[in-house]
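Chemist: sharing a model prediction with you, sequence too.
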Number of protein chains: 2
Amino acid sequence: MKVKKPTMLDIANQVGVTKATVSMVLNKKDELISPETRDKILKVADELGYIPNSFARSLITKKSGTIGIIIPDITNPFFAEIARAIEDEANRLQYNVIFCNTDNQVPKEESAIRLLIGKLVDGVIFIAGGTSETSLALLNQHAVSFVLVDRYIPGCEDYPGVYCMSDDGVMDGVRHLYEKGRRKIAYVRGPRELRVFEYRVNAYKEMMTTLGIYDERYVYEVLPSLEAGIAVTEQIARDVPDVDGIIYCNDMTAMGGLKALTRLGYHVPRDISIIGYDNIKISQFIEPELTTVAQPIAEMGEAACNLLINIINEVPLKEQKIFLYAELVVRGTS
Amino acid sequence: MKVKKPTMLDIANQVGVTKATVSMVLNKKDELISPETRDKILKVADELGYIPNSFARSLITKKSGTIGIIIPDITNPFFAEIARAIEDEANRLQYNVIFCNTDNQVPKEESAIRLLIGKLVDGVIFIAGGTSETSLALLNQHAVSFVLVDRYIPGCEDYPGVYCMSDDGVMDGVRHLYEKGRRKIAYVRGPRELRVFEYRVNAYKEMMTTLGIYDERYVYEVLPSLEAGIAVTEQIARDVPDVDGIIYCNDMTAMGGLKALTRLGYHVPRDISIIGYDNIKISQFIEPELTTVAQPIAEMGEAACNLLINIINEVPLKEQKIFLYAELVVRGTS
DNA sequence: CTGAAAGCGCTAACAC
DNA sequence: GTGTTAGCGCTTTCAG
């Protein structure tokens, strides 16, 4: 365990040059270094198993080649998928990533941001847990570039970000059920603090109203999760026994709903249709497969990463807000 | 964007002391600092929004307070859950984590390790993709502490690690199906390169033989995934139409199997019983819920993290290998 | 083509 | 109680 790691100085001594020369060679700024010394340096570096100390480099360059990702919970499939997409794109562009889970708690967000700033991340991709103005203030104060993804922060709609427009997708979902003959279509919405859920339920209301079948008693609110999906669906079945369609604010909740309905003896989609939102991978793992309003999850992650890195590199951008669109995917539950 | 971050020197100047004093105060080594200067320093640090530059500190202390986690794929629920457990425990112990996905490819493992070494991680938790001796050699060469989790590496059985013993759990599963009257029990195994899969299928063979119902034609091999689970299950239904039980090497594959069987018109568990392995969260998301041989995923992550940090701190340990046990959890599919 | 020298922000002896 | 000093490993002018 007491093996000292080789440094540039070790290489320099062994080759008989100075570390400045070694530095230039190893950083490919070797136009004016003689091929012989260059090859010798490369050779010795390889023999010694030299790995540059990125801290020393970052200290001086003020860049870490790392971006931070702040996410509510990596075990939530939606976030895992987006995180993976970001990481892949970051790696492609020669960046590394550090993840921080916040469980939607603002204090955890702030400590994550402190951590990331201390590690000199070049930028941060931020999926907010709610009203996170103070977290953003921290980032601004320390002049760290950032990009918002998926979730709006009230009052911060003008920050750079990647958002998914849900209206058309949700409306298509409602219309799709209507065309299947469904009339009593309930909606399970997420918490009011999160703007995204507001948009989704509003689209539902609008289309239901247009179709002349809106009834406010059909709208239920939950903290989205599988368990909540089960509970609320049992509730709906009690309140509106002849309900024939349920649209959920996300896939996890919808999967819980499917479970509850099956247990209650409903046959999906014969007796009732259900629709989720997100299109996480596991929505296809079940049978019947979940009809859902699909977010382009991978594209969102990729776009966020690209946007951030462009901002970091001060590439002039016409628009720092990117809008993608959710789309209805009809599968087995409708 | 051009706001210079405050450093210790800024604080020192403003208070009228030197940065050494500031350093001691901020690191809580302030027994011999007068309360007045201490408070003044703390106050100014707060006003300036000072965040220590962890690189500068790490450069000198040779520690980063960070551990690396090398994992095949974070979108795989099993790994996401273990990663999250590791992260939580690490945070509790004041460590941060950096994740690297390898997609089970050895070259990606090696570049991940180089990255982590360059970032001076204090240790690495390693879920190997296969025969990763060279990756381990790199870690050894650079004197980086590491801990293996879940997967054995052939020839490296004696490295510190956290492993889950599957034998009893799998045998209990076979016996359980036998007691339900099942006799034609197939097994879907994972790839031979991964030792864990070898152990699981061997336990199956042993119990099947003991019960006098082993037939080698019932054993199928796949690269575990939902899709593979579907495909292999269709194959089994063709080969052995009167199969009445299938045990899978993991939950994802079993979920694919359940899907395939349902589509083929089998009723699970009336016509056929199935059992998975892992007990990932989503195994309870489906209906019927999956009977499975549960690994204590969270405990594995937690134990790995603790073990690693003990090794890093050179805490003398009686045993650097931790064995946990998988256990049959009977739910709806058996 | 290569060397010398300065310095990034911080810690840790050792003075005073 | 606090300052001085050196140096971690690296990059980057500027000389030569």
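Modeler: Yep, that arrived. Everything numeric here is computed off the predicted structure, so don't read it as measured data.

Chemist: excluding its backbone neighbours, what's nearest residue A:259?
Modeler: residue B:287 (4.4 Å; C-beta to C-beta, 6 or more residues apart in numbering or on different chains). All C-beta atoms are positioned from the backbone trio N, CA, C, and that covers glycine.

Chemist: now swap in residue A:45 and tell me
Modeler: residue A:11 (5.4 Å).

Chemist: cool, and residue A:309?
Modeler: Nearest non-adjacent residue to residue A:309 (C-beta to C-beta, 6+ apart): residue A:93, at 5.6 Å.

Chemist: from residue B:99, how far out is the one you found?
Modeler: 17 Å (C-beta to C-beta, to the nearest Å).

Chemist: tally of neighbours for the nearest residue to residue A:320 once chain neighbours are set aside?
Modeler: Excluding its sequence neighbours, the residue lying closest to residue A:320 (C-beta to C-beta, 6+ apart) is residue A:160, at 3.7 Å. Residue A:160 has 18 neighbouring residues, counting by other C-beta atoms under 10 Å in any protein chain shown.

Chemist: note down every partner strand of whichever strand or helix holds residue A:292 and its orientation.
Modeler: If you go by DSSP states H and E, residue A:292 is part of strand A:291-294. If you go by DSSP bridges, strand A:291-294 pairs up with strand A:273-278 (parallel), strand A:327-329 (antiparallel).

Chemist: contacting residues around the helix or strand following it?
Modeler: Downstream of strand A:291-294, the first helix or strand assigned by DSSP H and E is helix A:297-312. Helix A:297-312 has contacts (C-beta atoms under 8 Å, 6 or more residues apart in numbering or on different chains) with A:67, A:78, A:81-86, A:88-90, A:93, A:95, A:122-125, A:145-147, A:149-150, A:160-162, A:164, A:278-280, A:317, A:320, A:322, A:324.

Chemist: can I get helix A:297-312 in PDB? Just the C-alpha atoms.
Modeler: Coordinates of each C-alpha in helix A:297-312 appear next as PDB, following Å, rounded to 0.1, in the frame of the first residue of the first chain:
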ATOM      1  CA  ILE A 297     -36.000  10.600 -22.000                       C
ATOM      2  CA  ALA A 298     -32.700   9.900 -23.700                       C
ATOM      3  CA  GLU A 299     -32.900  12.900 -25.900                       C
ATOM      4  CA  MET A 300     -33.600  15.100 -22.900                       C
ATOM      5  CA  GLY A 301     -30.500  13.900 -21.100                       C
ATOM      6  CA  GLU A 302     -28.400  14.300 -24.200                       C
ATOM      7  CA  ALA A 303     -29.700  17.700 -25.000                       C
ATOM      8  CA  ALA A 304     -29.200  18.900 -21.500                       C
ATOM      9  CA  CYS A 305     -25.600  17.700 -21.500                       C
ATOM     10  CA  ASN A 306     -24.900  19.400 -24.900                       C
ATOM     11  CA  LEU A 307     -26.500  22.600 -23.800                       C
ATOM     12  CA  LEU A 308     -24.500  22.700 -20.600                       C
ATOM     13  CA  ILE A 309     -21.300  22.000 -22.300                       C
ATOM     14  CA  ASN A 310     -22.000  24.700 -24.900                       C
ATOM     15  CA  ILE A 311     -22.700  27.200 -22.200                       C
ATOM     16  CA  ILE A 312     -19.500  26.200 -20.400                       C
END
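
Chemist: which bits of the stretch 51-200 of chain A sit near DNA strand D?
Modeler: Taking C-beta under 7 Å from any atom of the strand as the measure of proximity, the stretch 51-200 of chain A contacts DNA strand D at A:52, A:53, A:56, A:57, A:59, A:60, A:61.

Chemist: okay, and which of those map to strands?
Modeler: Within those, no residue falls in strands by DSSP state E.

Chemist: now, which of the residues you listed lie within helices?
Modeler: A:56, A:57, A:59, A:60, A:61 (DSSP state H).

Chemist: would you reformat the residues you listed as CSV and include distance to residue B:218 and pLDDT?
Modeler: Output for these, formatted as CSV (distance: C-beta to C-beta, whole Å; pLDDT from 0 to 100):
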residue, distance to residue B:218, pLDDT
A:56, 59, 90
A:57, 57, 91
A:59, 61, 88
A:60, 63, 89
A:61, 60, 89
